[in-house]
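Asker: With the sequence up front, the predicted model follows.
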Amino acid sequence: MLARLQTATFFPIFKTNVNGLCHLLFNQLCTKIESTQVTESPEVPSWAKVNPASVYEDDDSVSPTVTSWIEGRRLDDPRKVAQRFLGETTESDVVTISKILNKRYSSPEEVAEALDGCDISISENKVERLMKRYSHDWVVAFGVFKWAKVQAWYTHSPKLYNFMVDILGKAKQFHLMWEQIEEMNNLGGYISWFTMAKAMRRLARAGKYKEAIDAFRGIERFGLRKDVTALNNLMEALIKENSVEHAYEIFSEFKKLVQVNDISFNILINGWCKVRRLDDAKKIMEDMEKHGFLPDEFSYSCFLNVYCHDKDFQKVYALLDEMRDKGCRPRVVTYTIVMHALGKAKKTNEALGFYEKMIESSCVPDAPFYNSLIFILGKAGRLKDAREVFYSMPKQGVTPSAITYTTMISCACDYSREDEALKLLKKMERASCKPDIKTYTPLLKLFCKKKRMEVLYFLLNHMINNNVRIDVEAYSLLITRLCKSEEVEHACSFFEEMVSKGMVPRDSPYKRLITELEARNMVEAKEYIEKLMLNAKGIIC
DNA sequence: CTTTAATCAC
């Protein structure tokens, strides 16, 4: 067992650069090896040599269609995958760019310089895709941006400048962010409300509330006006980033200068409700009426949210009565909030009563409403009903969203419906709905539990192809769940993989893995994992 | 592409 582990743990499944093309190509190559390799080879771990044809032999639950889907995907040509995200890029460009961008760089200038030495054709589409791909890595993204800017026959559009501003803001490179905004200002006509909204949002997210407010104060310098929407934008950003206090301050200061509207009041009501300061929210509601605006279903739903969160249905019903008395009709959002909360509180029938009520009042259900309905039916174990609602959506003129698929998948996983869960993922892909980490989490859990390694690797590939990062959280899940399933070798392999990508494992999966190795008396493997952990921690120190 | 609420995982 130890020998097996050692081949497994020393197999570099991923190259060090996590999100690069190289990694993607390499990973695809691994799957290719995995599904085609017949003879023994020292570099390939034993688990990777599963003969795909035999995997499903004793498992009737997986239909041939899903099986062939998985198999077909595993044999994907890695270059095709790379091309899918680089668009019309030629094959030689893919190889050239991947080689360049997957090295480690200390500055954007270095990246630009490296790109400069090559003969690569340029298009706005390609620059955008590359920036998107590297949007979490501002050094590379900014390098690509700087390189493209000086190419002949090429000028960045305002859209790409905005994107760059956002990437720099996300990376908290505010000095560079402002530099870009100044540059846009000099170009003339490049700055829009979108630019400033992004900048204010990123500043607020970094806790720089004062700077976000200053950006608003100086907005006229960029040819924009301090109108009510700009003010609302700022308040929205401050509230979303946890400072309703600053939002209220700025509102108080500017309400004399700017003609505020009902939306301004609602944003504040929502802000105070989110931090459970209901008295302050009520004060805003009174203030709203003094300014001649009647509270609407939006204003009330802020309070409903709080009561629903507390499962205080007495207050929910009282408020619904109050709304009725004041002639404020519930909307689909109102029904969704209440129905969802009742369903979560296991009051399924009461929740479904609201569905009836909504239909009676000729309110039209939308996707989020159906998602809630599917969710509560699933939680109540009514799989058949959930499925029926899901399949009835198109007939009702509502297109299932990514969340619809995620809800259905999560529900199928809860009841260990492996085949159904994979079929839904396939359907989701066909519908061009983008899966996110929430889509994959229940699937990863289920297939860890079922010890279906070949499906796990398929899913991890699927994530990479869909630009969903396999982050520390995902690795923790894999390691912990595989330990639970007594698949310690695979858990070790994932541990090594995450360390090789420069991540620092969380304590809890690490301890779990060590305990598991100790219990099995796998001394060497334990020492190896301990060494890896020390290395990983050393990198940040 | 000017602005506000609800739905999926831990």
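Answerer: Yep, that arrived.

Asker: Mean confidence (pLDDT) on stretch A:213-231, please.
Answerer: Across stretch A:213-231, the average pLDDT comes to 96.

Asker: check whether that stretch contacts DNA strand B.
Answerer: Yes - Stretch A:213-231 reaches DNA strand B (C-beta under 7 Å from any atom of the strand) through A:224-225, A:227-230. Quick note: C-beta positions are derived from backbone N, CA and C, even for glycine.

Asker: how about that stretch: buried residues?
Answerer: Counting neighbours by 16 or more other C-beta atoms under 10 Å, one finds that the buried residues in stretch A:213-231 are A:213, A:215-216, A:219, A:222, A:224, A:226, A:228, A:230-231.

Asker: Keep only those of those that are in helices.
Answerer: Judged by DSSP state H, the buried residues of stretch A:213-231 include A:213, A:215-216, A:228, A:230-231 as members of helices.

Asker: Distance to A:P400 added to the residues you listed, as CSV?
Answerer: What follows is those, written out as CSV (distance: C-beta to C-beta, whole Å):
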residue, distance to A:P400
A:I213, 41
A:A215, 39
A:F216, 39
A:V228, 36
A:A230, 36
A:L231, 37
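
Asker: nearest to A:N102, of the residues you listed?
Answerer: Here the nearest of those to A:N102, counting by C-beta to C-beta, is A:A215; it sits at 35.3 Å.

Asker: quick one: contacts for the closest one?
Answerer: Residues touching A:A215, when contacts are defined by C-beta atoms under 8 Å, 6 or more residues apart in numbering, comprise A:196, A:199-200, A:203.

Asker: if I look at it, how far off is A:F254?
Answerer: Computed with C-beta to C-beta, to the nearest Å, the distance linking A:A215 and A:F254 is 14 Å.

Asker: for the most centrally placed residue in chain A, what are its contacts?
Answerer: Compute the mean C-alpha point of chain A, and by C-alpha atoms, centre = their mean the closest residue is A:D436, 5.0 Å away. For A:D436, the contact set (C-beta under 8 Å, 6+ apart) comprises A:402, A:406, A:468.

Asker: I figured the last one was touching A:Y440, is that so?
Answerer: By that I understand A:V468. Yes - with contact taken as C-beta atoms under 8 Å, A:V468 and A:Y440 are classed as touching, separated by 6.4 Å.

Asker: Which of those two has more residues huddled nearby?
Answerer: Neighbours were tallied for A:V468 and for A:Y440 using other C-beta atoms under 10 Å; the higher tally belongs to A:Y440 (22 against 18).

Asker: So for that one, what's the pLDDT?
Answerer: We have a pLDDT of 98 for A:Y440.

Asker: Now do the same contact list for it.
Answerer: A:Y440 makes contacts with A:459, A:462-463, A:468, A:474, as judged by C-beta under 8 Å, 6+ apart.

Asker: just how off-centre is whichever strand or helix holds it within its chain?
Answerer: Assigning secondary structure by DSSP states H and E places A:Y440 in helix A:437-449. Centre-to-centre, helix A:437-449 and its host chain are 15 Å apart (C-alpha atoms, centre = their mean, to the nearest Å).

Asker: Is the residue in the stretch 1-150 of chain A positioned nearest to DNA strand B in a helix, a strand, or coil?
Answerer: Per C-beta to the nearest atom of the strand, the residue of the stretch 1-150 of chain A with the smallest distance to DNA strand B is A:E128, at 10.8 Å. Using DSSP: H, G, I helix; E, B strand; the rest coil as the criterion, the local structure at A:E128 reads helix.
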